[in-house]
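Q: Build me a model:
(one chain, ligands or ions: 1)
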Amino acid sequence: MLDDLYRKLIMDHAKSKRNFRKGQGSHVHYKNPTCGDVMTLYWILNEFDEVEDVSFIGEGCSISMASCSMMTEMIKGKRVEEIQSMRKGMEQLIRKGEQPNVDLGDALSLEGVHKLKARHNCALMPWQALDRAFLMDEERRHRTENRVNGE
Ligand code: ZN
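A: Numbers count the residues shown, from 1 in each chain. As a prediction, this is how the structure comes out:
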C-alpha cells in the first residue's frame with residue numbers, strides 16, 4: 001500500500017515537475033554520469049541565509065527528476081542550516097535506508113531507492129548540486145570580503 005502511494009508520488013513529481021524553470025541569481029550545472037541525468041539548479045539566497053527562490057531545468061530518469069522537484073519544494077524559504085540537516089537526512093535515507101529525524105516531505109517516498117544501489121546517485125543528485133551551489137556562494141562571499149579588506 002505504502003509502496004504504491006510512494007510510487008504514485010514519485011511519478012507525479014517526475015511528470016509535473018515543481019519549480020521547473022530557469023531562475024534568476026546563481027546557477028550550477030550538475031551531471032550524474034552513472035545514469036546520464038543532468039540538471040541546472042538556480043537559486044537565490046537572501047541576506048538572512050534563506051533560500052528566496054529555487055528552480056531547476058534538466059532531464060533524466062524519473063527518480064532523479066522527482067528528487068529535483070521534491071527538493072525545490074522542501075528548501076524554498078528555508079535557512080541554509082536547516083537545509084544542511086535535510087541533506088544529511090536524505091543521505092541517511094538513501095544510502096543507509098534509515099529514517100532520519102528531519103521532515104523530508106514528499107522526498108520520503110524515495111526511501112525504496114535504498115535497495116537500488118545503482119540509483120542512489122539519481123536520488124541524491126539535486127542535493128549534491130545544492131552542496132556545490134552553497135560552496136560557490138561561500139567562496140564568492142569570501143572573495144568579496146577580501147576585496148573589502150583590501151587584500
Ligand atoms: Zn537516474
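
Q: Low-confidence stretches in this structure?
A: 1-2, 150-151 (pLDDT under 70).

Q: Would you mind pulling up the elements that the top helix by length along the chain packs against?
A: Longest helix in the chain, counting residues (DSSP state H): helix 120-148. Secondary-structure packing of helix 120-148 (3 or more C-beta pairs under 8 Å, 6 or more residues apart in numbering; DSSP states H and E): strand 26-32, strand 37-45, helix 62-75, helix 80-91. Quick note: C-beta positions are derived from backbone N, CA and C, even for glycine.

Q: And the nearest residue in space to residue 124 that is not next to it in sequence, how far from residue 122?
A: Nearest non-adjacent residue to residue 124, counting by C-beta to C-beta, 6 or more residues apart in numbering: residue 94, 5.7 Å away. Distance of residue 94 to residue 122, given as C-beta to C-beta, to the nearest Å: 9 Å.

Q: which neighbours do the two share?
A: Counting by C-beta atoms under 8 Å, 6 or more residues apart in numbering, the common neighbours of residue 94 and residue 122 are residue 113.

Q: quick one: the longest helix of the chain to chain centroid distance?
A: Helix 120-148 sits 12 Å away from the centroid of its parent chain (C-alpha atoms, centre = their mean, to the nearest Å).

Q: for stretch 33-53, same thing?
A: 7 Å.

Q: How about the contacts made by the residue lying closest to residue 66 once chain neighbours are set aside?
A: What sits nearest to residue 66 in space, not counting adjacent residues and going by C-beta to C-beta, 6+ apart, is residue 13, at 3.9 Å. Residues near residue 13 by C-beta under 8 Å, 6+ apart: 65, 66, 67, 69, 70, 106.

Q: ok, and which of the residues you listed reach the ion?
A: Checking these against the ion by C-beta under 5 Å from the ion, not one of them is in range.

Q: re earlier: report the angle between the longest helix of the chain and helix 62-75.
A: Inter-element angle recorded for helix 120-148 and helix 62-75: 40 degrees (by axes from the mean of the first three to the mean of the last three C-alpha atoms, to 10 degrees).
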